[in-house]
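No sequence on hand, only this structure:
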């Protein structure tokens with residue numbers, strides 16, 4: 001059986017604690033990124049809808065202008 005010195009064990013223990021903290025930090029960051037992504041997707045959807053509405057209104061105006069011009 002391999003014996004580990006107390007100093008080596010403490011060092012390993014510290015590294016494991018650091019890894020646990022890093023994983024927790026990365027989990028928090030990932031959750032924040034997912035929330036941001038959801039917000040951006042929602043905003044993108046709204047902008048696409050507004051763009052479609054503006055496009056429809058513009059097409060309607062163009063049709064009316066052409067009708068006025070032809071009459």
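Received it, and whenever you're ready, just let me know what you need. Just so you know, these numbers come straight off a predicted model, no measurement behind them.

okay, CA-based contacts and neighbour counts for the rest of this
Fine.

For the spatially most central residue of the chain, what is the enclosing helix or strand?
Ranked by distance to the mean C-alpha position of the chain (Cα atoms, centre = their mean), the top residue is residue 37 at 1.9 Å. Using DSSP states H and E, residue 37 maps to helix 6-70.

and that helix, how far from the chain's centre?
Put simply, helix 6-70 sits 3 Å off its chain's centre (Cα atoms, centre = their mean, to the nearest Å).

same for that helix, what does it pack against?
Other helices and strands packing on helix 6-70, by 3 or more Cα pairs under 8 Å, 6 or more residues apart in numbering; DSSP states H and E, are absent; none qualifies.

Next up, the contacts around residue 69.
Applying Cα atoms under 8 Å, 6 or more residues apart in numbering to residue 69 gives no contacts.

And it, how close does it get to residue 62?
Distance of residue 69 to residue 62, computed by Cα to Cα, to the nearest Å: 10 Å.

And for residue 38?
Distance, residue 38 to residue 62, by Cα to Cα: 36 Å.

ok, now residue 37?
Distance from residue 37 to residue 62, counting by Cα to Cα: 37 Å.

what do you get for residue 24?
According to Cα to Cα, residue 24 stands 57 Å off from residue 62.

Point out where the protein drops to low pLDDT.
The model of the chain has pLDDT under 70 over residues 1-2.

mind running it again at 50?
Of all residues in the chain, none has pLDDT under 50.

how many other residues sit next to residue 61?
When neighbours are defined as other Cα atoms under 10 Å, residue 61 has 12 of them.

ok, it - contacts?
Going by Cα under 8 Å, 6+ apart, residue 61 touches no other residue.

now with 10 Å?
Contacts for residue 61 (Cα atoms under 10 Å, 6 or more residues apart in numbering) come out as 55, 67.

And residue 4, by the same measure?
Residues counted as contacts of residue 4 (Cα under 10 Å, 6+ apart) are residue 10.

Residue 10 versus that one, what's the distance?
10 Å.

Quick check: residue 29 vs residue 3, distance?
38 Å.

who has more neighbours, the two?
residue 29 (12 against 7).

The more buried one and residue 50: what is the separation?
Using Cα to Cα, residue 29 is found at 31 Å from residue 50.
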